[in-house]
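Undergrad: Got a predicted model here, sequence first, then my questions.
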There are 2 protein chains.
Amino acid sequence: MKKLYGNAVVGQSGGPTAAINATLAGVIRGVLEQGSDKAIQTLYGMRNGVEGFLRQDLIDLTAFFNSEEKLACLEHTPAAALGSCRKKLPQPQDDPAFFQALIALFEKYNIRYFFYIGGNDSMDTVSKLTAYLKTCSYEMVAIGIPKTIDNDLVGTDHTPGFGSAAKYIAVTMQEIIRDCAVYTVPAVTIVEIMGRDAGWLTAASALGRTVTGFEPDLVYLPERMFDMDRFMEDVRAALKKHPNVVVAVSEGIRFANGSYVGEGTQSGAKDAFGHAYLAGTGKALELAVKSELGCKVRSIELNLPQRCASHLASETDLRESVGVGRSAIKAALEGVTGQMMLIQRISTEPYAVAFDSADVCEIANKIRTVDDAFINAEGNHVTDACCAYLLPLIEGEPNTLYHKGLPVHIIL
Amino acid sequence: MKKLYGNAVVGQSGGPTAAINATLAGVIRGVLEQGSDKAIQTLYGMRNGVEGFLRQDLIDLTAFFNSEEKLACLEHTPAAALGSCRKKLPQPQDDPAFFQALIALFEKYNIRYFFYIGGNDSMDTVSKLTAYLKTCSYEMVAIGIPKTIDNDLVGTDHTPGFGSAAKYIAVTMQEIIRDCAVYTVPAVTIVEIMGRDAGWLTAASALGRTVTGFEPDLVYLPERMFDMDRFMEDVRAALKKHPNVVVAVSEGIRFANGSYVGEGTQSGAKDAFGHAYLAGTGKALELAVKSELGCKVRSIELNLPQRCASHLASETDLRESVGVGRSAIKAALEGVTGQMMLIQRISTEPYAVAFDSADVCEIANKIRTVDDAFINAEGNHVTDACCAYLLPLIEGEPNTLYHKGLPVHIIL
């Protein structure tokens, strides 16, 4: 593809993370750092993803980010500074008018570069746009940039945003274990962690193993069928070892019949993409343990803080998130299109990565679950190999700026 | 009282905080910093409070803490490093044998100084012990050192441990507000915050007001009767202003008839002190809003992390917590007994405090609720005066040591 000259637009989509703004900052940095050629003139931000773009709700990011301070602040601001959306695009053949309207807007703003930062569903958007672009004469580069705390995208060693959520979970688990250790009466604490289909985040709760020696007694991932009787046996055995049993469970664990363990407490609701909306896996298990074992039991849902606690982001994740954004600009200027940027792990010790890209169609709508080798034979914990894979991703603490005791965030 | 020579014992009791170990470190520092006189020879730590003391489960803290590194690490370790208990002592006149057994143990270890770090219920322990000491010939100093995230002890400007919990809540609320702002569909997020009888912690959720300009739309404290119709009106009015409504509620809010809002979801259970055990205030309101307004609604229970997240402790709180522990030793060596240490605020701007003490009998079993002047007329938010009182308490970030991405804690 020949080099295109014009403007660029970037959007954020899907659930927020603590690092999606770092990726946005990387995209902005990439544009600001272009050579003398300056193929990209103005970088627009679309507010609330494609939904906002269709409303022409745009902000000139190249004008706004006129200082290093602002970019650094953006890198430490949680959630999507541009806003997000959960819009699922139609299939190009089903609704060509929708895509004609989109292209007309690209033309109006002379947009030749389209960057979309998001998860699985956002890659679906890039994939469909790419498919439509092949059928029309409008020349535009479209690149997906991954972000998801869930780490469930295929093709990339890990996803930007995951390391920060993993660090929040690993650190919070250490603090919860400390808290639970103070009493001598038998008690079970169940910590519910995000991850609908993949247990990567729940696995991160065990990261203390090789560092502090403290980890949850039991870890249940959605990759393994959940059996209530086996669970009660596991908890009973753990209580025989010490009185303060801590259990990590993924929100997405299911029984053999395919129903979610948390389904009883929140029935039927689904999000725009048809995913079952879950809440209450921890609560369901809390009630089950209370009724079965009769001991003190508490459930903790880590909830939104695990995805937005930028004060405890992983510096490694932030650095890579900036890097993947910056590399998307580099790739786009080299004519790459229809691809998702990805992170390749060169080595674990010493930890080193490189950025690359792959066909977005090969990535969208697929789910990467936790490797078999990362789950123990009993299906109630993770292996040392899993900890070795995860540990470098949580390394380093963010250099967050505070004012009067509160972190400084940037508002667009 | 003449100066006593012998050993000392210190215990931790009640719920953990992020700063109770800083106070323990302060007590140890106070002992290590005694003049050449060295009235206190060995400082024992009792494991699991008076319960552990009765089992003679003691650790020689003066021997263990032989380095500045260990003390600094203790100051940044959450929860009670010595373990805790919730034992309520009998009245001396009801069970003199219990106290005779205690005194026999004090005599056995030549303990002349008794320090008890805890909340309201722990001050009750110090108060009863002091009452018994007056009736027997054994000479011992007994001092209570306050800690509670609830800030509900009378006689002190604020309690050690509160500032760190308040900072966690204030920072997390900023992050949650960022997270909730990304979508454009009307949504209500209800954040449930600890505080059974006093709304201090919930009030801290509003601290962004004077710093970042962002705070919850509505704040409900247990100091005001909760009315469901008024609440729905408040939420409706907030949704008219913007789509992302965030509400902070105390776990302890009650209806006019005295029943807890969260009672329906967790009925009847009480802790050892007869306090109703609450869970589910946020969940109860989530279900009510969903049924009444039909919009997207989510509840978040901040749960244990708000009391054990030492990675986000307030440096001001940690410094004062060390100070109050150290000052307890100083006071004890000056013959003070039957007193609780307290923090006096000398000035808010610039913020300055001094340590003092008051009769523990005047403090135990009393509750300091949020001042009327700190709650707005509508009873659905806090005033600027409240923010001004709270803000200095969350100032400063802890100098936490991390190893491989996880905070370093000390285990006794």
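TA: Now that the structure is in, tell me what you want to look at.
Undergrad: okay, CA-based contacts and neighbour counts for the rest of this
TA: OK.
Undergrad: Grab the nearest non-local neighbour of the residue in the stretch 251-400 of chain A positioned nearest to chain B.
TA: Scanning the stretch 251-400 of chain A for proximity to chain B using CA to the nearest CA identifies A:Glu395 as nearest, at 4.2 Å. Closest residue to A:Glu395 apart from its sequence neighbours, by CA to CA, 6 or more residues apart in numbering or on different chains: B:Gly405 at 4.2 Å.
Undergrad: re earlier: the residue of the stretch 251-400 of chain A closest to chain B is in contact with A:Ser314, isn't it?
TA: Yes - proximity of A:Glu395 to A:Ser314 meets the contact threshold set by CA atoms under 8 Å, at 6.0 Å.
Undergrad: A:Ala248: what secondary structure?
TA: Here A:Ala248 is recorded as strand under DSSP: H, G, I helix; E, B strand; the rest coil.
Undergrad: A:Ala385: how many residues sit nearby?
TA: By other CA atoms under 10 Å in any protein chain shown, 12 other residues sit near A:Ala385.
Undergrad: right, and it touches A:Phe374 too?
TA: Yes - under the criterion of CA under 8 Å, A:Ala385 makes contact with A:Phe374 at 5.9 Å.
Undergrad: Next up, the contacts around A:Pro243.
TA: Counting by CA atoms under 8 Å, 6 or more residues apart in numbering or on different chains, A:Pro243 touches A:Thr184, A:Val185, A:Pro186, A:Ala187.
Undergrad: Bridged to the last one, which residues?
TA: Each beta-bridge partner of A:Ala187 is listed here, defined by DSSP bridges: A:Asn244, A:Lys296.
Undergrad: now it: how far from A:Phe355?
TA: For A:Ala187, the distance to A:Phe355 equals 46 Å [CA to CA, to the nearest Å].
Undergrad: can you list the residues of the stretch 301-412 of chain A near chain B?
TA: Residues of the stretch 301-412 of chain A found near chain B (CA under 8 Å from any CA of the partner chain) are A:301-305, A:308-310, A:314, A:391-392, A:394-397, A:403-408.
Undergrad: Would you map the helices across the stretch 51-200 of chain A?
TA: Using DSSP state H, counting those that start in this stretch, the helices of the stretch 51-200 of chain A run over residues A:61-64, A:68-75, A:96-108, A:120-133, A:162-180, A:200-204.
Undergrad: show me what contacts the closest residue to chain B within the stretch 1-150 of chain A?
TA: The minimum distance from the stretch 1-150 of chain A to chain B, using CA to the nearest CA, falls at A:Gly83 (4.0 Å). Each residue near A:Gly83 by CA under 8 Å, 6+ apart is listed here: A:Gln12, A:Ser13, A:Arg47, A:Asn48, A:Gly49, B:Ala181, B:Val182, B:Tyr183.
Undergrad: got the CA coordinates for stretch A:18-25 in CSV?
TA: C-alpha atoms of stretch A:18-25 as CSV (Å, rounded to 0.1, in the frame of the first residue of the first chain):
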residue,chain,number,x,y,z
ALA,A,18,-5.8,1.1,34.0
ALA,A,19,-3.5,1.2,31.0
ILE,A,20,-5.8,2.0,28.0
ASN,A,21,-4.9,5.6,28.3
ALA,A,22,-1.2,4.7,28.3
THR,A,23,-1.8,3.2,24.9
LEU,A,24,-3.7,6.3,23.8
ALA,A,25,-0.7,8.3,25.0
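Undergrad: starting at the chain centroid, how far to that stretch?
TA: 11 Å (CA atoms, centre = their mean, to the nearest Å).
Undergrad: wait, A:Asp356 sits on A:Ile346?
TA: No - applying CA under 8 Å, one finds A:Asp356 not in contact with A:Ile346, separated by 11.6 Å.
Undergrad: Please say which of these two ends up with more neighbours.
TA: Neighbours per residue (other CA under 10 Å) separate A:Asp356 from A:Ile346, with A:Asp356 holding more: 17 against 13.
Undergrad: Report the secondary structure state of that one.
TA: From three-state DSSP, the assignment for A:Asp356 is strand.
Undergrad: show me what contacts it?
TA: A:Asp356 neighbours (CA under 8 Å, 6+ apart): A:Ser327, A:Met341, A:Leu342, A:Ile343, A:Gln344.
Undergrad: Get me the contact residues on the stretch 51-200 of chain A for chain B.
TA: The interface of the stretch 51-200 of chain A toward chain B, taken as CA under 8 Å from any CA, is made up of A:78-85, A:167, A:170-172, A:175-176, A:178-179, A:181-184.
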